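In: Take a look and give me a structure for this.
(2 chains)
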Amino acid sequence: MKIHEYQSKQTFAKYGVPIPKGRVAATASEAKEIAKELGGRVVVKSQVLVGGRGKAGGIKLAKSPEEAEELATQILGMEIKGLPVRKVLIDEAANIESEIYLGITNDRAARKPVMMVSAAGGVEIEEVARLTPEKIIKVHIDPIMGLQGYQTRDIAAGIDLDRKYWKEFAKIAQALWKAYVASDATLAEINPLVITKEGHLLAVDGKMLIDDNALFRHPDLAEMRDTDVEDKAETDARKYGLSYITLDGEIGCMVNGAGLAMTTMDIVKLFGGSPANFLDIGGGANAEKVTAAFRIILSDPNVKAVLINIFGGITRGDEVARGILTALDEVKTDVPMVVRLVGTNAEEGRQLLADADMITAETLVDAAKKAVAAAQKGA
Amino acid sequence: MSILANKDTRLLVQGITGKEGLFHTQQMAAYGTNVVAGVTPGKGGEWVLDGKVPVFDSVKIAAEATGANATVIFVPARFAADAMFEAADAGIPLIVCITEGIPVQDMMRVRNYIDRKDVRLIGPNCPGLLTPGEAKVGIIPGDIAIPGNVGAVSRSGTLTYEVLYALKQKGLGASTCVGIGGDPINGTSFVDVLAMFEDDPQTDKVVLLGEIGGTDEEQAAEFIATKMTKPVAAFIAGQTAPPGKRMGHAGAIIQSGAGTAADKIKALEAAGVRVAKHPEELPDLLG
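Out: Okay, here's the model as predicted:
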């Protein structure tokens, strides 16, 4: 889950990362008030969950509270990459001497968190990694022992940081690590970490991604979810414990198991169709889940056919069949349906569906071919 | 022979009195697996399966009392890390974690801890192990596979069932089927399992079922090219998956252009692996 810049920075600050004075505003007049409190020279920053806010004109410097108000009016009316700007962050402007990148993320291959630092701050790290990978210092952190002092010194030396900043840098690196662990983050990034003309380090921008699987122990962070960035159908699916992703094809897919759901999409493509979605109904799918899944799939106007592929194991074929019948009662549709049931109680399931107006298939390939044909006929 | 699980497996079930744990304990016992004990903290002294399997308060006590040499974990995600640490500290040499949805930082701590011990972890977020005709540790339906000489290793659940079933239809059986799980950080990699299959006299060929995300398949390709003599066939799920989206499994995501199905297929083919266009081709590719 992504959280906004101001939320990320406030989280960092809780663990000791210095951030600029500032507050978030939902109206231009609020923005003006905050700017006045901060002494006039402020940065007005759109709070939307996409990259490239600066380039899109969503981050501007104001020299007076009046200018802050004017810029906030502009920015609050904007859409950046399709997302409406609902809030702006008004931060005291920093006097920037130079900029550093400092981030922590999970290194899947090393099975450890990795701290990444570059003297080329202010630029997206992916860009630095592509152009000058040698400028990124990477240090793996033992998740049991935590970030060690010597590691922060190694990093500081690695980016040729002036020794007078080492202590301050080490403190910030430790604070960021604490924030990362305490929040169950999968990314905690300060970019840029600024060296000010006054000779201090300051986290001017911040970004955090939180592990969805850990939200149960962070109710405060879970509340920060911004559904603006999410597909409506995906948000809806999550409520029913379904894993759903919208794609742009015409064959709706309903499958049990993530690997098999991806495979079903792939086979549809292989035989000339195009999947409308990824959908895993999970294990032990009941009528309620199946009905919700149907409703979500059929809410996509591009869907010309639906392919149901269930490999019964723990999930029983007859239960799924009953779910399908209930769903068809509730969600009336003319969209052709292809069903393939295999495994536990599949025979009972097929008998239950015999009277329903459905196309049946024996194998995965057979099912995909029939779904593609049905979609073409309907188109 | 087979790998990891067999008729000598003395299985402990953590979370045995829960709905899932109890249901699958019945299934595993019915398959013929030797389930010797269960653990649910606070329910020590109870019995399940008509008084056949004793329940203990801790893994340590259960292991001492019954000589359990493997454990399967069915506890909810929030308690799963604790359950794995407990099993590792009790010295259980084989831990199979079925639980899905464990926080990734928990898994990093567990994995780094387990690496310091002489313990093997399979999973989490996996269907477990099946050695047809001998033992089932986890949730793979027993009747979809027959004993044979094909080793199967997979990141997915139902896709694995699909392939075992397709093999069975063609009269091909499995030596052992290993579900390594769909999480980004797990206990056992493709390479670990390939090495075991290479050394297992009962396994003559291997089927590998991968998916998008991470580089485990690329490392497997490297291992196959340099260390393996047995033939390998593979299928990679997620060729149509869009980048940046998590496809159900926490580990199934293409990040910054890395972890695509195309890259994995290319690496595997370069290593001499026959890569199927769809799972129903696999029995033919194994020959």
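
In: Which residue ranges of chain B form strands?
Out: B:11-14, B:35-39, B:47-48, B:53-56, B:70-73, B:94-97, B:120-122, B:128-131, B:135-138, B:147-154, B:174-179, B:205-211, B:232-237, B:274-275 (DSSP state E).

In: I'd like to know which of the ones you listed is closest to chain A.
Out: For the strands of chain B, proximity to chain A was assessed by C-beta to the nearest C-beta; strand B:232-237 is nearest, at 4.0 Å. C-beta here means a position set from N, CA and C on the backbone, and glycine is covered the same way.

In: For that closest one, enumerate the helices and strands it packs against.
Out: Secondary-structure packing of strand B:232-237 (3 or more C-beta pairs under 8 Å, 6 or more residues apart in numbering or on different chains; DSSP states H and E): helix A:258-270, helix B:158-169, strand B:205-211, helix B:216-227, helix B:261-270, strand B:274-275, helix B:282-286.

In: Go again with 6 Å.
Out: Judged by 3 or more C-beta pairs under 6 Å, 6 or more residues apart in numbering or on different chains; DSSP states H and E, strand B:232-237 is in contact with helix A:258-270, strand B:205-211, helix B:261-270, helix B:282-286.

In: Strand partners (parallel or antiparallel) of that strand?
Out: Using DSSP bridges, strand B:232-237 pairs in its sheet with strand B:205-211 (parallel), strand B:274-275 (parallel).

In: and the longest one with helix B:158-169, angle?
Out: For strand B:205-211 and helix B:158-169, the angle between their directions (axes from the mean of the first three to the mean of the last three C-alpha atoms, to 10 degrees) works out to 150 degrees.

In: can you tell me the average pLDDT over strand B:205-211?
Out: Strand B:205-211 shows a mean pLDDT of 97.

In: buried sites along it?
Out: B:205-211 (16 or more other C-beta atoms under 10 Å in any protein chain shown).

In: how would you label residue A:309: helix, strand or coil?
Out: With DSSP: H, G, I helix; E, B strand; the rest coil as the basis, residue A:309 sits in strand.

In: thinking again about what came up before, redo the strands paired with strand B:232-237 as TSV? Include distance to residue A:42.
Out: As requested, the strands paired with strand B:232-237 are arranged in TSV below (distance: least, C-beta to C-beta, whole Å):
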stretch	distance to residue A:42
strand B:205-211	47
strand B:274-275	57
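
In: check contacts around residue A:105.
Out: Residues in contact with residue A:105 (C-beta atoms under 6 Å, 6 or more residues apart in numbering or on different chains) are residue A:187.

In: how close does the closest residue to chain B within the stretch 1-150 of chain A sit to residue A:209?
Out: Taking C-beta to the nearest C-beta, chain B has its nearest neighbour within the stretch 1-150 of chain A at residue A:143, 4.2 Å off. With distances taken as C-beta to C-beta, to the nearest Å, residue A:143 is found 17 Å from residue A:209.

In: I'd assumed residue A:108 was in contact with residue B:214.
Out: Yes. Shown here, residue B:214 and residue A:108 form a contact pair, counting by C-beta atoms under 6 Å, at 5.1 Å.

In: Which one's more surrounded, the two?
Out: Taking other C-beta atoms under 10 Å in any protein chain shown, residue B:214 and residue A:108 do not tie; residue B:214 has more neighbours (25 against 22).

In: Could you report the pLDDT at residue 60?
Out: All of this refers to chain A. 95.

In: not what I meant, chain B
Out: Note on residue B:60: pLDDT of 97.

In: same thing with residue A:17?
Out: pLDDT recorded at residue A:17 is 98.

In: So what's the residue count around it?
Out: Residue A:17 has 27 neighbours, counted by other C-beta under 10 Å.

In: now residue B:270
Out: A total of 12 residues lie near residue B:270 under the criterion other C-beta under 10 Å.

In: Just list the residues touching the residue lying closest to residue A:349 once chain neighbours are set aside, thanks.
Out: In this structure, residue A:349 finds its nearest non-sequential neighbour in residue A:317, 3.2 Å apart by C-beta to C-beta, 6 or more residues apart in numbering or on different chains. Residues in contact with residue A:317 (C-beta under 6 Å, 6+ apart) are A:341, A:345-346, A:349.

In: By proximity to chain A, which residue of the stretch 51-200 of chain B wins?
Out: Closest to chain A within the stretch 51-200 of chain B is residue B:156: 2.4 Å, counting by C-beta to the nearest C-beta.

In: What count of nearby residues applies to that residue?
Out: By the criterion of other C-beta under 10 Å, residue B:156 has 32 neighbours.

In: now do residue B:195
Out: So residue B:195, with other C-beta under 10 Å, has 15 neighbours.

In: Equivalent analysis for residue A:39, please.
Out: For residue A:39, the count of nearby residues is 11 (other C-beta under 10 Å).

In: Regarding it, what are the backbone dihedral angles?
Out: As for residue A:39, its main-chain torsions (degrees, to the nearest 10) stand at phi 100, psi 10.

In: which bits of the stretch 101-250 of chain A sit near chain B?
Out: A:108-109, A:111, A:126, A:143-144, A:184, A:211, A:213-214, A:216, A:243, A:245 (C-beta under 6 Å from any C-beta of the partner chain).

In: Buried subset of the residues you listed as a ChimeraX selection?
Out: Selecting the buried subset of those in ChimeraX, with 16+ other C-beta under 10 Å as the burial test, is done by:
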select /A:108,111,143,184,211,213,214,243,245
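
In: Which residues are in contact with residue B:231?
Out: Taking C-beta under 6 Å, 6+ apart, one finds residue B:205 in contact with residue B:231.

In: confidence score at it?
Out: Value for residue B:231, per-residue pLDDT: 97.

In: I'd say residue A:253 and residue A:306 touch.
Out: No. Applying C-beta under 6 Å as the test, residue A:253 and residue A:306 come out as separate, 7.6 Å apart.

In: So those two - more neighbours on which side?
Out: Higher neighbour count among residue A:253 and residue A:306: residue A:253, with 31 against 25, using other C-beta under 10 Å.

In: Which helix or strand contains the more buried one?
Out: Residue A:253 belongs to strand A:251-255 when assigned by DSSP states H and E.

In: In contact with residue A:195, which residues?
Out: A:97-98.

In: whoops, residue A:177 was the one
Out: Counting by C-beta under 6 Å, 6+ apart, residue A:177 has contacts residue A:147.

In: swap in residue A:128?
Out: Taking C-beta under 6 Å, 6+ apart, we find residue A:128 in contact with A:118, A:120.

In: Double-check that it belongs to a strand.
Out: No. Counting by three-state DSSP, one finds residue A:128 to be helix, located in no strand.

In: That one and residue A:100, how far apart?
Out: For residue A:128, the distance to residue A:100 - C-beta to C-beta - is 11 Å.

In: one step back: am I right that the residue of the stretch 51-200 of chain B closest to chain A is in contact with residue A:259?
Out: Yes. Look at residue B:156 against residue A:259 with C-beta under 6 Å: they come within range, at 2.4 Å.

In: Could you export the helix or strand residue A:173 falls within as PDB, CA atoms only?
Out: Per DSSP H and E: residue A:173 is located in helix A:166-182. C-alpha atoms of helix A:166-182 as PDB (Å, rounded to 0.1, in the frame of the first residue of the first chain):
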ATOM      1  CA  TRP A 166      28.800  11.600   9.500                       C
ATOM      2  CA  LYS A 167      27.100  11.700  12.900                       C
ATOM      3  CA  GLU A 168      24.000  13.400  11.700                       C
ATOM      4  CA  PHE A 169      23.800  11.000   8.700                       C
ATOM      5  CA  ALA A 170      24.200   7.900  11.000                       C
ATOM      6  CA  LYS A 171      21.400   9.200  13.200                       C
ATOM      7  CA  ILE A 172      19.100   9.600  10.200                       C
ATOM      8  CA  ALA A 173      20.000   6.200   8.700                       C
ATOM      9  CA  GLN A 174      19.100   4.600  12.000                       C
ATOM     10  CA  ALA A 175      15.900   6.500  12.400                       C
ATOM     11  CA  LEU A 176      14.900   5.500   8.800                       C
ATOM     12  CA  TRP A 177      15.600   1.900   9.600                       C
ATOM     13  CA  LYS A 178      13.500   2.000  12.800                       C
ATOM     14  CA  ALA A 179      10.600   3.600  10.800                       C
ATOM     15  CA  TYR A 180      11.000   0.900   8.200                       C
ATOM     16  CA  VAL A 181      10.800  -2.000  10.700                       C
ATOM     17  CA  ALA A 182       8.200  -0.500  13.000                       C
END
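
In: Kind regards, and thank you for your time.
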